[in-house]
Structures are given as C-alpha cells and as structure tokens.
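**Q** pasting a predicted model and its sequence here:
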Amino acid sequence: MKSLGFKHRALGVAVLPVKNALAKDAFVCRPCVEDLVTGTVTEVRWASMTSAVFGTVMAHEVAHLLGINHSLFGVMHERWSRDELVMAEQGRLLFQPQEARTIKSRLRTRMRVPYLSGAANSPVSPR
Ligand SMILES: [Zn+2]
C-alpha cells in the first residue's frame with residue numbers, strides 16, 4: 001500500500017496488487033482531508049480548499065494505481081506542505097511532466113483491456 005499524508009496522518013491509500021495483477025482499489029479519507037484543511041486556512045476558504053485537496057488526493061492515489069511513485073514535488077509529493085495545499089487550492093499543484101506522460105501512456109494501455117475499459121460490461125448501447 002502507498003499512502004499520502006500530512007504530518008504522519010494518511011489522507012488516502014492505494015492498494016497495490018501482488019505479482020502481475022492490476023491495481024484498482026484506492027481510498028481517500030474525506031474526514032482526514034477536512035481536519036487537515038480546518039487547521040490550515042480560514043473558514044472563508046475552507047470549502048474551496050477542502051474540495052481541491054480532496055480531488056488532488058484522489059489524483060495522487062489514482063496515479064499510484066498506475067504505478068507512479070512518490071516524488072519530491074507536485075501531486076506525488078508524499079507529504080504536502082501548507083504552500084502545496086494552497087497550490088492545490090489554486091490548481092497549481094500538478095504532476096511532473098514525466099509523471100503526466102507515464103500516466104497517459106498507462107491509461108492508454110489499460111483502455112485496451114476490455115474488462116477494464118468497461119466495454120465488456122456495457123449493458124445496452126445508447127439510443
Ligand atoms: Zn502516495
């Protein structure tokens with residue numbers, strides 16, 4: 001498992017598979033994100049920052065499912081600073097260029113596997 005946290009508190013977890021299986025389960029702790037933001041910004045900004053950080057944690061965990069490891073900067077930084085939380089709120093906490101390229105490539109690969117793309121489970125064609 002890989003986890004993202006702030007001051008030793010996990011905000012999310014990606015369950016990594018054993019052997020050659022594809023990772024597909026990740027969890028984000030919404031109350032943990034809310035607690036983190038509560039101590040970080042004023043009440044006026046609480047809702048916007050909570051939503052932004054929650055979404056960024058989701059992106060971080062999905063990247064783990066695609067095999068992306070922690071880095072020193074950006075979305076994949078293991079422990080975000082207050083400045084990075086502000087960057088998340090402003091939409092400026094991003095993947096590094098190589099991480100973005102790898103994510104795109106791995107998503108394209110996964111989309112070719114019918115049972116992962118949803119094509120095999122599509123109930124009925126749209127009319
Ligand atoms: Zn992580």
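**A** Great, that's in hand.
**Q** next helix or strand past the lengthiest helix in the chain?
**A** Secondary structure of the chain per DSSP state H: the longest helix is helix 43-65. Scanning forward in sequence from helix 43-65 by DSSP states H and E, the next helix or strand is helix 82-89.
**Q** right, and the helix or strand after the lowest-mean-pLDDT helix or strand in the chain?
**A** Counting by mean pLDDT, DSSP states H and E, the weakest-scoring helix or strand in the chain turns out to be strand 2-6, with a mean of 56. Next helix or strand after strand 2-6 toward the C-terminus (DSSP H and E): strand 9-15.
**Q** mind listing what's buried in that next one?
**A** By 16 or more other Cβ atoms under 10 Å, the buried positions in strand 9-15 come out as 10, 11, 12, 13, 14. Quick note: C-beta positions are derived from backbone N, CA and C, even for glycine.
**Q** between it and helix 43-65, how big is the angle?
**A** Angle of strand 9-15 versus helix 43-65, following axes from the mean of the first three to the mean of the last three Cα atoms, to 10 degrees, is 30 degrees.
**Q** if anything else comes up later, I'll come back, but that's it for now.
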